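**Q** turn this into a model:
(one chain, ligands or ions: 2)
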Amino acid sequence: MQIPGYIDPVVTPRAITPRLDGRIDLIGLSHLEIRQLFLESQLDEKAAKLRSKQVFHWIYHRGITDFELMTDMAKPMRPWLAQRFVIGRPEVIEAQVSNDGTRKWLLRTDDAQDYEMVFIPDADRGTLCISSQIGCTLNCRFCHTGTMRLVRNLTPGEIVGQVMLARDALGEWPKGNMAAVNADDDEDDEGGHYTADGRMLTNIVLMGMGEPLYNFDNVRDAMKVVMHGDGLALSKRRITLSTSGVVPMMKRASEEIGVNLAVSLHAVTKEIRDEIVPLNRKYGIEELLQACADYPQASNARRITFEYVMLKGKNDSDDDARELVRLIKHYRLPAKVNLIPFNPWPGADYECSTPERIRAFSTLIFSNGISAPVRTPRGRDIMAACGQLKSASEKKSRAELDRLAEEKQAALG
Ligand code: SAH
Ligand code: SF4
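**A** Ligands and ions are numbered 1, 2, ... in the order given. Below is the predicted model:
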């Protein structure tokens, strides 16, 4: 029997999804990559440098998708660009709004794969929850995404495309004249200039479909684009990467991405974590917590979030809470615990702990000086809450299978 978590996932690597019309989609490319493409298209060094800088700024600072609107671009350059390149967006198949204001989009890639993203508005912030893979290879027992059959990595363009689409949908691109672009500044500058400024989208969490550290390169490249100071300029302090515990990649995540870390702990004993997060059989709790202790960005100002899904009778006892406190203290982790009431989905094996149990669990942790808020489930009615994401095409194919099975049964009977 194949035990999920003992094997490394085999996913389809791809940097750019080829387009049928042969043009190249610039979304998700760094400005150095755009410059390289311009050089390959026979612009000279100087022109490639200037034009890539301008195009990058138009794409990410202004949200422009039509080269004709790039008003500081020499007129003949615009059709030249349009013949060779596009500035794309993921195709929207369905957009839903929950009665609590949470929005969910079902998106489709150029090769017709479906994935989802969710926007969660709050009084003081707006969080975009983005996907890193289509499906997930890790099969956590309580997670709907883990039951998806199809897994492929999303490209940097498909990851950045989610942010672009959300800003389109929220109407958040700046208007008016564009400030001059400084053509000399080459550096891959890491943003930080982006503030709430009345904008709805202030934070990004990599907590949608997939395990971001199993798609490391693409997630890193996408986040670099999102953080770049000439474009979206989102600060790394406003981005959180959630991992189920891919220990060997955590050091690289800190060195090459540097965003906030969330870790899906969910259990404090080997027995229970092995069952509900099968990756634990490969990278155990001690190893995982040591990697957290070694995560250099973690500090009291940027604490590591431990996500803990509340499963009735599984991981929700006072002893579990006490052990959680002990572990956090033992590894001296600057930590907060996010208690997530289990979000049900059709066919799930578990139930959510009672509200009283969750409160008691939270209080016990709090009383030991560790913050442990209970996360209010958002968007449950549209299946947009944590762990509920699974693309509609998958659901339809299951429904389709059920229908076919019924028809077969009827024919037989
Ligand atoms: N793969 C990454 C990120 C995506 S999941 C990870 O596992 O961390 C985002 C969070 O939702 C994780 O903590 C995940 O364990 C949690 N989650 C998954 N299924 C859930 C469910 N049914 N109810 C509540 N939380 C769930
Ligand atoms: Fe994958 Fe995260 Fe779901 Fe586990 S919880 S199956 S790692 S998406």
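
**Q** sec struct for Tyr350, please.
**A** coil (DSSP: H, G, I helix; E, B strand; the rest coil).

**Q** which residues sit in contact with it?
**A** 141-142, 311-312, 314, 342 (CB atoms under 8 Å, 6 or more residues apart in numbering). Every C-beta, even on glycine, is put in place using the N, C-alpha and C of the backbone.

**Q** repeat that for Asn99.
**A** Asp381.

**Q** renumber starting at 556 from here on
**A** Okay, residue one is now 556; in that scheme the one you just asked about reads as Asn654.

**Q** three-state assignment of it?
**A** Recorded secondary structure, Asn654: coil (three-state DSSP).

**Q** by contact count, what packs against the strand or helix carrying Ala817?
**A** Secondary structure assignment for Ala817, by DSSP states H and E: strand 815-819. With contacts defined as 3 or more CB pairs under 8 Å, 6 or more residues apart in numbering; DSSP states H and E, strand 815-819 has these neighbours: strand 794-798, helix 802-811, helix 840-848, strand 859-865.

**Q** what comes up buried for the second one?
**A** With burial defined by 16 or more other CB atoms under 10 Å, the residues of helix 802-811 counted as buried are 802, 804-805, 808-809.

**Q** could I get those residues as CSV with pLDDT and distance to Arg644?
**A** Shown next, in CSV, are those (pLDDT from 0 to 100; distance: CB to CB, whole Å):
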residue, pLDDT, distance to Arg644
Val802, 97, 35
Met804, 96, 29
Met805, 96, 32
Ala808, 96, 27
Ser809, 94, 31
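
**Q** same list (these) but as JSON lines, adding distance to Lys884.
**A** Output for the buried residues of helix 802-811, formatted as JSON lines (distance: CB to CB, whole Å):
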{"residue": "Val802", "distance to Lys884": "21"}
{"residue": "Met804", "distance to Lys884": "26"}
{"residue": "Met805", "distance to Lys884": "20"}
{"residue": "Ala808", "distance to Lys884": "24"}
{"residue": "Ser809", "distance to Lys884": "22"}
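
**Q** so which of those comes closest to Ile714?
**A** Ile714 lies nearest to Ala808 out of these, by CB to CB, at 14.8 Å.

**Q** ok, whichever residue of the stretch 756-905 of the chain sits closest to ligand 2 - how many residues close by?
**A** Of all residues in the stretch 756-905 of the chain, Ser799 sits closest to ligand 2, with a separation of 3.7 Å (CB to the nearest ligand atom). By other CB atoms under 10 Å, 25 other residues sit near Ser799.

**Q** that one against Leu834, yeah?
**A** Yes. The criterion here is CB atoms under 8 Å, and Ser799 meets it with Leu834 at 5.4 Å.

**Q** now for those two: what residues contact both?
**A** 693, 695.

**Q** contact partners for the residue sitting nearest the centre point of the chain?
**A** In the chain, the residue lying closest to the centroid (CA atoms, centre = their mean) is Leu761, at 2.5 Å. Contact partners of Leu761, counting by CB under 8 Å, 6+ apart, are 685, 687, 767, 774, 794-797.

**Q** just to revisit the earlier point, for the residue of the stretch 756-905 of the chain closest to ligand 2, grab phi and psi.
**A** Main-chain torsions, Ser799, degrees, to the nearest 10: phi -80, psi 0.

**Q** which residues does it contact?
**A** Contacts of Ser799 by CB under 8 Å, 6+ apart are 693, 695, 766, 818-819, 832, 834.

**Q** ok, Glu911 next?
**A** Per CB under 8 Å, 6+ apart, neighbours of Glu911: none.

**Q** pLDDT below threshold where in the protein?
**A** Along the chain, segments meeting pLDDT under 70 span 556-573, 730-754, 946-968.

**Q** same thing but at 80, please
**A** Residue ranges of the chain with pLDDT under 80: 556-575, 704-705, 729-754, 942, 945-968.

**Q** residues touching whichever residue of the chain sits closest to ligand 1, list them.
**A** Closest residue of the chain to ligand 1, CB to the nearest ligand atom: Gly942 (1.8 Å). With CB under 8 Å, 6+ apart as the criterion, the residues that contact Gly942 are 695, 697-700, 864, 897-898, 900.

**Q** if we can go back for a sec, can you tell me the closest non-neighbouring residue to the residue of the stretch 756-905 of the chain closest to ligand 2?
**A** Once flanking residues are discounted, Ser799 sits nearest to Ser819: 4.5 Å by CB to CB, 6 or more residues apart in numbering.

**Q** count of residues packed around the one you found?
**A** 28.

**Q** surely it and Arg828 touch.
**A** No. Using CB under 8 Å, Ser819 is not in contact with Arg828, being 9.9 Å away.

**Q** restrict the contacts of Gly942 to those near ligand 1?
**A** 695, 697-698, 864, 897-898 (CB under 6 Å from any ligand atom).

**Q** most neighbours among those residues, which one?
**A** In terms of neighbours by other CB under 10 Å, the ones next to ligand 1 among the contacts of Gly942 top out with Val864 at 28 neighbours.

**Q** how much space between that residue and Leu843?
**A** Here the criterion is CB to CB, to the nearest Å. By it, Val864 lies 16 Å from Leu843.

**Q** again with Leu709
**A** Separation of Leu709 from Leu843 (CB to CB): 25 Å.

**Q** over to Phe674?
**A** Phe674 is 30 Å from Leu843, where distance means CB to CB.

**Q** show me which residues of this structure are close to ligand 2?
**A** Counting by CB under 6 Å from any ligand atom, the residues of the chain that sit close to ligand 2 are 691, 693-695, 698, 700-701, 765-766, 799, 819.

**Q** mind checking which of the residues you listed are in strands?
**A** Among the residues of the chain next to ligand 2, the ones falling in strands (DSSP state E) are Ser819.

**Q** so after the helix or strand hosting Lys604, what's the next helix or strand?
**A** For Lys604, the enclosing helix or strand under DSSP H and E is helix 600-617. Next helix or strand after helix 600-617 toward the C-terminus (DSSP H and E): helix 632-639.
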